[in-house]
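**Student:** based on what follows, work out the 3D shape:
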Amino acid sequence: MATASIPTPETEAVPVTQPPVPEGAVLVCLPTISAELLPAVVQHLRSAFADLPLLLAGVPASGEYASVEYLSARPQLGWVLASRDYAAAAALSAQYEPSAVLLLGTDALTLSEESLRALVETVRGGVDLALPRYKVGPSDALVSRALMYPLTRVLFAVDIHFPLPADAALSPRLLARLSFVAGRSAGPQGTESLLWPVAEAAIAGLAIREVEMPARVLPAPTESDLNAVLASVAGSLFADVEAKATFWQRARNITQTPIASATADQSVSESSADLQEISAMMDAFRLASNNLGEIWALVLPPQSLLAVKKLARMSPEEFTLDAGLWARIVYDFALAFHARTLNRGHLLGAMTPLYLAWVASQIRAAGENEERAARLAEATAQGFEREKPYFVSRWRWPDRFNP
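**Tutor:** Predicted coordinates for the structure are as follows:
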């Protein structure tokens with residue numbers, strides 16, 4: 001049972017026993033919310049879980065058993081759940097023993113009552129990790145489509161489109177595992193470290209499900225500099241891949257819904273793509289091709305380096321970065337990260353212009369067509385699947401493999 005000390009005029013502090021936690025309670029962990037928005041958020045949650053006992057973490061005590069201590073502020077990268085979120089939720093989970101734990105990001109009101117309920121009921125039904133699959137536009141979630149989704153799918157055999165979530169429902173046993181991992185991890189230069197719950201659940205053999213969601217206002221990164229955001233995400237992901245190398249080097253079948261390849265749809269009319277935006281990205285890519293050639297030569301094998309140089313000479317109207325080439329580029333940067341070929345900060349910074357080239361190719365190919373963008377995301381993942389033997393071979397035999 002939880003106890004609290006309430007000061008009185010007669011005594012300094014009298015221990016007061018809280019009521020026992022109702023069986024089947026759901027623990028909801030909130031981010032920092034303004035006093036003006038808090039009543040609406042609480043009412044939204046109470047409506048979503050009207051028939052379930054609810055424990056709200058982060059809500060001031062109101063005379064009823066509805067609140068527990070949580071975080072006073074989000075970590076630096078508050079646009080996604082990070083190590084401290086999982087660790088704090090795990091501590092509360094161990095104390096109150098809920099049936100499920102729901103971690104919510106900012107703008108929680110943009111998730112419907114049905115969506116919140118679906119996440120929790122998925123975990124209460126026996127799944128350890130339930131993650132939203134948001135409906136996004138053709139130009140949204142590009143970092144996930146370029147890196148997070150294909151690497152998670154291919155290396156950990158889990159078809160989850162948003163593996164670095166802003167919202168998640170988890171079982172107490174998965175939270176306990178994440179808390180242990182969080183205790184060993186540390187972000188660069190004291191910053192908050194990221195955790196990859198999908199990878200942890202996969203290697204532990206725990207059940208993972210994706211829950212279809214309507215459009216959601218996704219939190220924006222606190223850091224507006226693309227270099228910093230990409231370096232944080234890619235660096236954390238590459239470190240996790242390095243730590244779990246013995247797992248992903250074994251062949252595994254991926255459970256997925258077949259989607260037709262997008263290769264045949266990559267040629268689109270100029271009017272369907274923002275050529276001005278593409279040109280700006282191409283200019284940054286060309287400039288980097290001139291300035292970062294020596295660094296890229298330390299990371300990329302000659303064949304890939306030659307292909308990148310050819311890309312830099314293409315016009316925006318014809319620019320296309322093949323899915324297989326992009327996969328090899330990402331794999332090569334992961335290999336260089338593992339081998340410490342050069343300073344990791346410089347390495348990840350050198351990857352940004354190549355990512356911009358991939359984005360330019362995607363925008364030109366998809367335009368504003370959501371269906372085509374989805375097929376391109378699938379084609380990108382398939383490129384990573386085809387090139388996985390290349391990655392495994394270079395990881396195992398870096399000195400003997402000749403690309």
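
**Student:** what comes up buried for stretch 206-213?
**Tutor:** By neighbour count with 16 or more other C-beta atoms under 10 Å, stretch 206-213 contains the buried residues 206, 208-211, 213. Every C-beta, even on glycine, is put in place using the N, C-alpha and C of the backbone.

**Student:** what do you get for stretch 286-302?
**Tutor:** Going by neighbour count (16+ other C-beta under 10 Å), the buried part of stretch 286-302 is 286, 288-289, 292, 295-296, 299-300.

**Student:** count of neighbours near Arg84?
**Tutor:** Other residues near Arg84 come to 18 when the count uses other C-beta atoms under 10 Å.

**Student:** correct me, but it touches Ala182?
**Tutor:** Yes. Taking contacts as C-beta atoms under 8 Å, Arg84 lies within contact range of Ala182: 7.2 Å.

**Student:** coming back round to it: list the ones among the buried residues of stretch 206-213 that fall in strands.
**Tutor:** 208-211 (DSSP state E).

**Student:** give me every residue that touches the closest residue to Ala108 other than its chain neighbours.
**Tutor:** Counting by C-beta to C-beta, 6 or more residues apart in numbering, Ala108 lies nearest to Val41, which is 5.8 Å off, once chain neighbours are set aside. Val41 is in contact with 30, 33, 108-109, counting by C-beta atoms under 8 Å, 6 or more residues apart in numbering.

**Student:** buried subset of the residues you listed, written for ChimeraX?
**Tutor:** Remark: buried members of the contacts of Val41, expressed as a ChimeraX selection using 16+ other C-beta under 10 Å:
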select :30,33,108
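
**Student:** dump the contacts of Val41 to TSV, plus distance to Arg372, secondary structure and pLDDT.
**Tutor:** Below are these laid out as TSV (distance: C-beta to C-beta, whole Å; DSSP: H, G, I helix; E, B strand; the rest coil; pLDDT from 0 to 100):
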residue	distance to Arg372	secondary structure	pLDDT
Leu30	37	coil	85
Ile33	38	coil	76
Ala108	32	helix	71
Leu109	32	helix	74
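
**Student:** my guess is Ala108 contacts His44. True?
**Tutor:** Yes. With contact defined as C-beta under 8 Å, Ala108 and His44 form a contacting pair (7.4 Å).

**Student:** shared neighbours, the two?
**Tutor:** By C-beta under 8 Å, 6+ apart, no residue touches both Ala108 and His44.

**Student:** before we move on, back to that, okay, and which of the buried residues of stretch 286-302 map to helices?
**Tutor:** 286, 288-289, 295-296, 299 (DSSP state H).

**Student:** and the gap between Ala373 and Lys388?
**Tutor:** 24 Å (C-beta to C-beta, to the nearest Å).

**Student:** okay, the two: which has more neighbours?
**Tutor:** Ala373 (25 against 18).

**Student:** quick check: the more buried one touching Arg364?
**Tutor:** No. Using C-beta under 8 Å, Ala373 makes no contact with Arg364, being 11.6 Å away.

**Student:** and Trp358, how far from Asp322?
**Tutor:** Trp358 is 10 Å from Asp322, by C-beta to C-beta.

**Student:** the two: which is more packed in?
**Tutor:** For Trp358 and Asp322, the more surrounded residue by other C-beta under 10 Å is Trp358, and the numbers stand at 22 against 15.

**Student:** what's the helix or strand for the more buried one?
**Tutor:** helix 344-366 (DSSP states H and E).

**Student:** hang on, the earlier thing: which stretch of helix or strand covers the residue nearest to Ala108?
**Tutor:** Val41 belongs to helix 38-48 when assigned by DSSP H and E.

**Student:** list the buried residues in that helix.
**Tutor:** Those would be 38, 41-42, 44-45, 48, for helix 38-48 by 16+ other C-beta under 10 Å.
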